[in-house]
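1. got a predicted structure here, sequence first:
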Amino acid sequence: MAEPTVERADGPMRVTAPANPAPVVRRERKQSRVWRRTTMRRAVTEGALIFVAGRLLAMVPIAAWPPALYPLAQVAVLFLGWIVPPWWAAMRVVSTRREKMSRRFWWLGPRLALVCAAADAVISLALGDASLLTGPTGTPDLPRLFATGRDALPLTDFLATEARLFVILLVFYTLFVVCTRLANGGFMRFTMPAGDGRVTL
């Protein structure tokens, strides 16, 4: 690179910068494949798979867990079923630097809640219901829908249970997605003029 030259004129001394300065090379840090941003559809799918993992983990009976691992297993069920899916989906969606909350992010929570509620209905029909603290709570719901007597399960009760779960997931997932998006890089972002340029806070 050429050195700056000094020119002496009748006036004060002035320094002339080189005509072609060397370009500045910026190294971008590579993202791992785990944290690479993806599409909205794939983010919802991944969040639903995490919910299914927690739902299946809740189906493990208490007797199958060692006493020392049982509390950790319940914490894992809580995180996988309620906290991790909306957080993971909100963090995985690719977005512009200035985008915080747009229409598609407002719909992310309801979409994820709908898919997770449908997955819970399938698991309940095939394997049965489960409780956070007690594990499985009964036999699969599909045979009970066609049974008679004390073990019978009315279709209205099954639909009411799944609808109640969907409403709970809808409220919780929507709030969690909104908080995650707002907390990702600051709660407020606005631009104001400053001199010849603009400053973004």
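-> In hand now; what should we look at?
2. now the phi/psi pair for Leu159, please.
-> Comment: the main-chain dihedrals of Leu159 come out as phi -70, psi -40, following degrees, to the nearest 10.
3. let me redo that: Gly149
-> Dihedral angles phi and psi of Gly149 (degrees, to the nearest 10) take the values phi 100, psi -150.
4. report pLDDT for it.
-> The model reports Gly149 with a pLDDT of 83.
5. please apply the same query to the one 5 residues further on.
-> In the prediction, the pLDDT value recorded for Pro154 is 93.
6. need the contact list for Leu165.
-> With contact set as C-beta atoms under 8 Å, 6 or more residues apart in numbering, Leu165 has these partners: 117, 120. Every C-beta, even on glycine, is put in place using the N, C-alpha and C of the backbone.
7. distance-wise, check Leu112 relative to Trp65.
-> Counting by C-beta to C-beta, to the nearest Å, the gap from Leu112 to Trp65 is 28 Å.
8. which stretches of this structure have low pLDDT?
-> 1-36, 96-100, 185-201 (pLDDT under 70).
9. and the strands in it?
-> Using DSSP state E, the strands found in the chain span residues 5-7, 14-16, 130-131, 135-136, 191-194, 197-200.
10. what lies in contact with stretch 48-55?
-> Stretch 48-55 is touched from outside by 76-82, 84-85, 88, 112, 115-116, 119-120, 123, 130, with contacts defined as C-beta under 8 Å, 6+ apart.
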